[in-house]
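Asks: Following is a predicted model, sequence given first.
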Amino acid sequence: MIEQPLELPNGVVLKNRIVKSAMSEALADARNNPTAALMELFERWGAGGAGLLITGNTPIDPWHLEHAGNFVLDAQSDMGRVSELAARAKSGGAKVLAQLAHAGRQTPEAINPQPLSISDLRLNLSGYGAPVAATDAQLEDVAEKFTRSAELAQEAGFDGVEVHAAHGYLLSSALSPRINIRKDRWGGALENRARLLLSVVRAVRARVAPGFILAVKLNSSDFEKGGFDHQESALVAKMLEAEGVDFIEISGGTFEAPTAYQHSSKKQSTIAREGYFLDYAAAIKSALTIPLMVTGGFRSGAVMKAAIAEAKTDLIGMGRPFIVDPDFPAKLLSGEIAAAPSVEREFPPADDLPRGAVLNWFCHQLALQGSTGAAALSLPLIEGHARYLASIESATERLLEARCQGGGQELRCH
Ligand SMILES: Cc1cc2nc3c(=O)[nH]c(=O)nc-3n(C[C@H](O)[C@H](O)[C@H](O)COP(=O)(O)O)c2cc1C
């Protein structure tokens, strides 16, 4: 049941089964450090009753952001601020993980026109540069950077890290036979494509304390022809289990095939299923002994309870409902409400909207929640979308400006 605690393999106990999944906040300053607004947001979410909170995309280096405003965990981090973020997020009794990420070829062109990737295949979307295929030494350095960031997260007081190996970012693209076209030991057979992810996980596990949670977010499938698929996902999950991972979160899709945040619409004749990765995940769960978390579309308590009772998942990940009502977990657990809020159902089908509009509306609400204390849910969809794009543009300008002021030789400025 969703209110039951869960003991992870490393002995850490989560107080219930509700998890706030990662949602990129865009609330770091121009030097990639957490702002007061980001701390407010996490304190608010921590007080809302969830058992576990996961930060949004937290890059391991400032050249591979998912966008400006990501908070970075590296040697330049302001550890005072990072520690304050962890402490405030934990103040309500939730455990907190930092989601460590490297955006790879999905790094915006303005941040890095030549991002490091597993191959030189360019993303089929505008706004992304020409990736450079990493050398052996650069891939080893990526594993070292993930490990260094995990150590910093531990030092700052986080309960653990989630390694982001989903949604088409570097580790996810390395798993994909469509994107990873290497002929060396990092490409080809699945064990080669999984090498980068496994070396990251192995190195992190070896260098953090046993009580520090190590999780991985993995695609159930890329949902792209010739991409990483369900069968391979189950095999990689087994490999991760053997490396001492404490739980695996299942999601799906990439920037080119954005299936992670689907929204059904009342205007569609069919209402999309809740927990849209659940059936894929159930096959993975049956092969594992470590806990599984499934994220994507869960809203009604009854569906969540059935998913756990039928042993399809152990943890229920949710994102967008936390933006609408940070207190919904406590209300759901006490029975005050039967379902988490689902405002996305009020929006038209994605095909009738500009690309990314619903996601961007939520991103804007998230920033409002952090900076003003509350989302503005009556804001029209297209206006929220436009305001978010404008805010990212100015955050990018501030970031580039700060890079140039930094003046370090290694930091090329625009
Ligand atoms: C505004 C927003 C930002 C997101 N950022 C991230 C992210 O940084 N990392 C990640 O793994 N998933 C990210 N996601 C995906 C969510 O973690 C989650 O998988 C998705 O929203 C589906 O869950 P939901 O239906 O409960 O919202 C984001 C989703 C939203 C809505």
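Replies: The structure has been received and is ready for your questions. Residues are numbered from 1 along each chain as shown.

Asks: what does the model give Ala37 for pLDDT?
Replies: Note for Ala37: predicted pLDDT of 97.

Asks: what about it, neighbour count?
Replies: Applying other CB atoms under 10 Å, we find 20 residues neighbouring Ala37. In this view, the C-beta of every residue, glycine as well, is placed from N, C-alpha and C.

Asks: How about it, nearest residue that isn't a chain neighbour?
Replies: In this structure, Ala37 finds its nearest non-sequential neighbour in Gly370, 3.7 Å apart by CB to CB, 6 or more residues apart in numbering.

Asks: Run through the residues that contact the one you found.
Replies: Counting by CB atoms under 8 Å, 6 or more residues apart in numbering, Gly370 makes contact with Glu25, Leu27, Thr35, Ala37, Leu38, Glu40, Leu41.

Asks: Alpha carbons only: can I get the helix or strand that contains Ala37 in PDB?
Replies: For Ala37, the host element (DSSP states H and E) is helix 36-46. Coordinates of each C-alpha in helix 36-46 appear next as PDB, following Å, rounded to 0.1, in the frame of the first residue of the first chain:
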ATOM      1  CA  ALA A  36      16.600  30.800  -2.400                       C
ATOM      2  CA  ALA A  37      13.700  30.100  -4.700                       C
ATOM      3  CA  LEU A  38      15.000  26.500  -5.300                       C
ATOM      4  CA  MET A  39      15.400  26.000  -1.500                       C
ATOM      5  CA  GLU A  40      11.800  27.300  -0.900                       C
ATOM      6  CA  LEU A  41      10.500  24.900  -3.400                       C
ATOM      7  CA  PHE A  42      12.200  21.900  -1.900                       C
ATOM      8  CA  GLU A  43      11.200  22.800   1.600                       C
ATOM      9  CA  ARG A  44       7.600  23.100   0.500                       C
ATOM     10  CA  TRP A  45       7.700  19.700  -1.300                       C
ATOM     11  CA  GLY A  46       9.400  18.100   1.700                       C
END
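
Asks: Now the element after it, going C-ward?
Replies: By DSSP H and E, the next helix or strand past helix 36-46 is strand 52-54.

Asks: For that following strand, which strands pair with it and how are they oriented?
Replies: strand 18-20 (parallel), strand 95-101 (parallel) (DSSP bridges).

Asks: can you put these in TSV and add mean pLDDT?
Replies: Formatted as TSV, the strands paired with strand 52-54 follow (pLDDT from 0 to 100):
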stretch	mean pLDDT
strand 18-20	98
strand 95-101	98
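
Asks: Need the winner for burial among the ones you listed.
Replies: strand 18-20 (a mean of 28; mean count of other CB atoms under 10 Å).

Asks: name the element Ser149 belongs to?
Replies: helix 136-156.

Asks: elements contacting the helix holding Ala37?
Replies: Applying 3 or more CB pairs under 8 Å, 6 or more residues apart in numbering; DSSP states H and E, one finds that helix 36-46 contacts strand 52-54, helix 79-90, helix 357-372.

Asks: tell me the most buried of those?
Replies: The highest mean neighbour count among the helices and strands packed on helix 36-46, using mean count of other CB under 10 Å, belongs to strand 52-54: a mean of 26.

Asks: next one: it to chain centre, how far?
Replies: 11 Å (CA atoms, centre = their mean, to the nearest Å).

Asks: Can you list the strands that the helix or strand following that strand pairs with?
Replies: Using DSSP H and E, the helix or strand that follows strand 52-54 in sequence is strand 58-59. Sheet neighbours of strand 58-59, with direction, are listed as strand 95-101 (parallel) (DSSP bridges).

Asks: neighbouring contacts of whatever helix or strand comes next after the strand it pairs with?
Replies: Per DSSP H and E, strand 95-101 leads on to strand 116-117 as the next helix or strand towards the C-terminus. With CB under 8 Å, 6+ apart as the contact definition, strand 116-117 has outside contacts at 63-64, 102, 104-105, 131-134, 138, 142, 170, 173, 179.

Asks: now stretch 200-215
Replies: 8, 10-12, 54, 95, 97, 142-144, 146-147, 150-151, 154, 159-163, 171, 216, 240, 243-249, 293.

Asks: Spit out the contact partners of Ala94.
Replies: Lys15, Trp45, Gly46, Ala50, Gly51, Leu52, Leu53.

Asks: What parts of the stretch 201-350 of the chain come near the ligand?
Replies: Contact residues, the stretch 201-350 of the chain versus the ligand (CB under 6 Å from any ligand atom): Lys217, Ser251, Ala260, Tyr261, Thr295, Gly296, Gly297, Phe298, Met318, Gly319, Arg320.
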